[in-house]
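**Student:** attaching a predicted model along with its sequence, questions to come.
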Amino acid sequence: MKYLPHTLIALLIVIQYPLWIGKGSWLRVWEMSKQVDLQKEKNLKLTTRNAGLDAEVRDLKQGIDAVEERARVELGMIKSDETFYQIIDKSPAGRTPFPK
């Protein structure tokens, strides 16, 4: 009878070990939960970016307007029946042409 309390305490420690320190401990579950939350945030950002890229690809595949706009803005191209005017600012460097 005098070893019963010690045996029960040792048994309690052995049972509690996996809960606090073992492979599936609360600390590891908490760390994994934080990692999952971070990954969900990254996935949300990437999903938003992918949706924008997907919309742009669909627009480029289906419409000629997007191709024309990209050619004008990025490549400086014009149509054959258009006239291109370039306005050069002759104000001294560092000064804006319009007062504030």
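**Tutor:** That came through, no problem.

**Student:** confidence score at the residue nearest the centre of the chain?
**Tutor:** Among the residues of the chain, the smallest C-alpha distance to the mean C-alpha position (CA atoms, centre = their mean) belongs to K45, namely 3.0 Å. K45 is assigned 97 on the pLDDT scale.

**Student:** quick one: residues contacting it.
**Tutor:** By CB atoms under 8 Å, 6 or more residues apart in numbering, K45 lies in contact with nothing. (C-beta placed from N, C-alpha, C; glycine too.)

**Student:** I'd like the numbering to begin with 58 instead of 1 from here.
**Tutor:** OK, 58 is where the count begins now, so the last one is K102.

**Student:** from V124, how far off is L110?
**Tutor:** Plainly put, L110 is 16 Å away from V124 if you go by CB to CB, to the nearest Å.

**Student:** need the three-state assignment for I145.
**Tutor:** Here I145 is coil, with the state taken from DSSP: H, G, I helix; E, B strand; the rest coil.

**Student:** ok, then the element right after the longest helix seen in the chain?
**Tutor:** Residue-count comparison of every helix in the chain, with assignments taken from DSSP state H, identifies helix 83-119 as the longest. Elements were assigned by DSSP states H and E; along the chain past helix 83-119, the next helix or strand is helix 121-132.
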